[in-house]
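Undergrad: give the three-dimensional model of this entry:
(chains A and B)
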Amino acid sequence: MSKRPGPEDIDSIRLRSREEYLEKRSELKLAELRRQVQEEQEEERSNPHLSQRELREFARNRETLRLAESRLAIDDGLDGYVLPDADGSKLETLNKRKKKDVSTYKSEVQLWEDEVTARAKVAQIHRPDRLQQDDYEFVFDPTQALNFVSAGEWVDPDKQRLQEQLDAAEKKAKSIQEVRTSLPIYQYKEQFLDALADHQVLIVCAETGSGKTTQLPQYLLDYFNKEGGTSLRIACTQPRRVAAMSVAQRVSEEMGCRLGQEVGYSIRFEDKTSPNTKIQFLTDGLLLRQFLNDPTLSGYNAIIIDEAHERTLATDILMGMIKDVGKYRTDLKIIISSATLDAQKFSQFYNDSPILMIPGRSYPITIYYSQNPEASYLSAAITTVLQIHCSMKDPGDILVFLTGQDEIEAGKQSIEETVRKLGSKIPELVVCPIYSALPQEEQGKIFLPAPPGGRKVILATNIAETSLTVDGVRFVIDSGYSKENVYNPSTGLEQLVVTPISRASSSQRAGRAGRTGPGSCFRLWTRWSHFNELEESTTPEIQRANLSSTLLLLKSIGINDLLNFDFMDPPSATAIAKALEELYSLGALDSTGSLTRVGRQMSELPIDPKLSKTIILADTHQCLEEILTIVAMLGESSALFFAPKDKRLHAEAAKRRFYTRGGGDHVAYLKIFNSWSEAEYDPLWAKENYLQQKALTRARDVREQLQKLCERIGITPSSCGDSNYIPIVKALVAGYFSNAARLNRDGKSHTVLRNGLSVRIHPSSMCHEPTEVPKWCIFSELRLTSQEFIANIVDIDPQWLIDAAPYAFKKADLEKFGIDKKMPKTRPAQAK
DNA sequence: GAGCACTGC
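TA: Next up is the predicted model:
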């Protein structure tokens, strides 16, 4: 008689099944990656016409594989991965290196490559010989004959290989099937399909580990296949590009098809779909842009909005638009998928649509709160790190959530000093910082395993909350704060504010401790404050952002009454009014609020309207090539320079070499990009000049895209060269005349003409140098930190303001500010 | 002479 399973049994069963699931999943992933890398390497060898981007991607995949393999190499080696198409010999090859000494070390990838290459050579060159030889040996060699007889039947080696591959595929399919049916969401499949038949909109509220993202699209596909229909496509939006790519990869494996066929993804700069594509993962912003060409979403039978609780700007707009489209397209199925208990709110928004709650599957996490409020979360965090490290016997890495780069660097230093003082009394502790501005190669370090017997502590910003996952973390220390970008529509100031996080965000952070085993989360605030002071969820982005670009898009889709648009959480009337005002002043809207021809052209470009106006006016000033570069570089300006602390002077000098008097920061960006391009986009060149290759590459991608879009909206290429910067600045003034400023009498501060705000030039600007301070200028950025700063600045002649926006600037007004023909045009007396 | 969280088209 077996006893009924108790709660512990169930827990351990859950635990085991989770472990098995994760193990299977990583096996499959790795095998897939190996195969992909092999395919790519063959292509690289045989195809000399691969694009730079493809080569980069191949290299990235190779590196990922290498990292995964090297992480695997710390295992004992005997229970390593078995390739789905592996035979015994390959497994042996993989394990062989463990027995070899270090001098003959070869990575597993190299060994595997060697083996594949060897096999390929045999197959290509020696095939006819081998066949003859086989026959020969079969007849005359007694040992061969004996082997053959004992094997029972003769098997053609090619056929055998094929059979092995088939077996492997079947095994893989079977394990995929097992994984799929073991997911919590599987229990709810019928319920989901039934609800789908009765309702147009469903809210799915599922916890992490439920399998919603991979399974829901497939269930929908089953639903529509049963219904019968000719063309079929399901869209599933994701807030992040990597998510769209990796989920598409996963689902294509589950469905046994090549990525880009039945299952594909679309992100900016990359479309991996085909006419056969039934399930398309795409970023939320991209689906929003698709409304421009297809306002009724006629290409889709169903839309899944995944991670709706994140409330990105694009997701919020999409939810309003889709609600509207759904009224006319009653055949369109809409699924809103969210992780938190916001489900009620989503349901109300969609006229009380039914909610499907699905439990998740993750390891238990113990939450600890501070007994008393902490005076400084940074020192509290550091103390907690050392407490865990010294007193906890359990292995597992520590993840600390802080707010920014400075804090992280300070924390790193402090921890390292303490550890040094304690010396050999405690096990080794490795500190890994991670934030998005950190160069790529440094970022990779967080994935390296901790030293044996030691521990790794990761100091991270919000980047580790959703965008980046580190396995092996068992302890999370949460400061309870993050930096939020807040835009003030009435002054145009942007500000990064350290804000307490929401409860939703805190549980997301805590969840990072339970990915590979049970974990603990230490919250540096009190339980009382958790339930009484923290907000339930983060303020939706739509209430914090500059809306001009979004509203232009909505206008061009044909949504005219923006104040009455069905927002789930409407932005403030001031924010809408300011955005409309800006669009009007740029000539994108006429006085009745309708879209103009220029406005339509501008809406096609996925950038800030000030920039799109600049691009359109670049046509008039015959400098499109130059402006495209500047626009693309402006988007990357904050991540462009990277100066190590000890080489700050060198970095400054390097930066200064690109500056020309009168051209400001903008023309300097142009020179940087052009020099990089002359250096054939060499990463080494970038490094020598203290520039980030990543930012430059992105700027190049953006530029390419803008160039194509310009062709489409009828703007013809033109160029004025990078030393003739007058037309360039004139085009910039056409977009940025509202960001004009004039030097005050003190010679140090500027006044913004539009609103009289007193600002200073940010020291990162090349115009900060006393000899370079412009009398009149326009700026691309206005930011409040310790003071009100303007950045990305270029000198102008005030007359150009009148030329660009005669209705906004009258000569008489500018004269009041001291416009004076006799004055040196752009700068005060030079100090020399 | 300051300091910038994170996404996305």
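
Undergrad: domains for chain A, by residue range?
TA: A:17-114, A:180-358, A:368-543, A:604-832 (automatic domain parsing).

Undergrad: give me the mean pLDDT for the last one.
TA: Averaging pLDDT along domain A:604-832 yields 89.

Undergrad: which strands and helices sit next to the helix or strand encompassing A:K172?
TA: Using DSSP states H and E, A:K172 sits in helix A:157-182. In terms of contacts (3 or more CB pairs under 8 Å, 6 or more residues apart in numbering; DSSP states H and E), helix A:157-182 is packed against helix A:7-46, helix A:241-254. (C-beta placed from N, C-alpha, C; glycine too.)

Undergrad: on that earlier part again, looking at the domains of chain A, which is closest to A:Q163?
TA: domain A:17-114 (11.0 Å; CB to CB).

Undergrad: rank the helices and strands packed on helix A:157-182 by pLDDT, which is bottom?
TA: Across the helices and strands packed on helix A:157-182, helix A:7-46 gives the lowest mean pLDDT, at a mean of 62.

Undergrad: residue of the stretch 451-600 of chain A closest to DNA strand B, please.
TA: Relative to DNA strand B, the nearest point of the stretch 451-600 of chain A is A:N485 (2.8 Å; CB to the nearest atom of the strand).

Undergrad: ok, and what's touching the helix or strand that A:I335 is a member of?
TA: Element membership of A:I335, judged by DSSP H and E, is strand A:333-338. Contacting residues not belonging to strand A:333-338 are listed as A:196, A:200-206, A:212-213, A:216, A:220, A:223, A:301-309, A:319, A:322-323, A:326, A:346, A:350, A:353 [CB atoms under 8 Å, 6 or more residues apart in numbering].

Undergrad: in strands only, show me the residues you listed.
TA: A:201-206, A:302-305 (DSSP state E).

Undergrad: which ones are touching A:R661?
TA: A:R661 neighbours (CB under 8 Å, 6+ apart): A:E772.

Undergrad: please report how far it lies from A:C767.
TA: 10 Å (CB to CB, to the nearest Å).

Undergrad: next one: A:A573
TA: From A:A573 over to A:C767 (counting by CB to CB), the distance is 36 Å.

Undergrad: which one of the two has more residues nearby?
TA: More neighbours surround A:C767 than the other of A:A573 and A:C767, with 25 against 10 (other CB atoms under 10 Å).

Undergrad: what residue in the stretch 551-700 of chain A comes nearest to DNA strand B?
TA: Closest point on the stretch 551-700 of chain A to DNA strand B, by CB to the nearest atom of the strand, is A:P606, at 2.7 Å.

Undergrad: got the phi/psi numbers for the residue nearest to that residue when sequence neighbours are not counted?
TA: Distances taken as CB to CB, 6 or more residues apart in numbering put A:R289 closest to A:P606, at 6.6 Å, once the chain neighbours are dropped. Phi and psi for A:R289, reported as degrees, to the nearest 10, are phi -70, psi -30.

Undergrad: wait, A:R289 touches A:T550, no?
TA: No: counting by CB atoms under 8 Å, A:R289 stays clear of A:T550, with 11.2 Å between them.

Undergrad: how about the residue of the stretch 551-700 of chain A closest to DNA strand B, what does it touch?
TA: A:P606 neighbours (CB under 8 Å, 6+ apart): A:268, A:285, A:289, A:549, A:705, A:709.

Undergrad: surely A:H309 is in contact with A:S502?
TA: No: counting by CB under 8 Å, no contact exists between A:H309 and A:S502, whose distance comes to 10.3 Å.

Undergrad: flag every residue of the stretch 501-650 of chain A that's near DNA strand B.
TA: Counting by CB under 7 Å from any atom of the strand, the stretch 501-650 of chain A comes close to DNA strand B at A:549, A:606-607, A:635, A:638-639, A:643, A:648.

Undergrad: what's around the closest residue to A:D682 other than its chain neighbours, how many residues?
TA: Excluding its sequence neighbours, the residue lying closest to A:D682 (CB to CB, 6+ apart) is A:W676, at 7.6 Å. The number of residues packed near A:W676 is 21, by other CB under 10 Å.

Undergrad: secondary structure class for A:W676?
TA: Here A:W676 is recorded as helix under DSSP: H, G, I helix; E, B strand; the rest coil.

Undergrad: gap between it and A:A632?
TA: Taking CB to CB, one finds A:W676 at 12 Å from A:A632.

Undergrad: which residues are common contacts for the two?
TA: With CB under 8 Å, 6+ apart, A:W676 and A:A632 have no common neighbours.

Undergrad: ok, now which ones touch A:A579?
TA: A:489, A:546-548, A:550-551.

Undergrad: hang on, the residue of the stretch 451-600 of chain A closest to DNA strand B is in a helix, isn't it?
TA: No: counting by three-state DSSP, A:N485 falls outside a helix, being strand.

Undergrad: which ones are touching the residue of the stretch 651-800 of chain A found nearest DNA strand B?
TA: Of all residues in the stretch 651-800 of chain A, the one sitting closest to DNA strand B is A:T785 (2.8 Å; CB to the nearest atom of the strand). Residues near A:T785 by CB under 8 Å, 6+ apart: A:495-496.

Undergrad: ditto for the one 3 residues further on
TA: Contacts of A:E788 were listed using CB under 8 Å, 6+ apart, and they are A:493, A:757-760, A:782.
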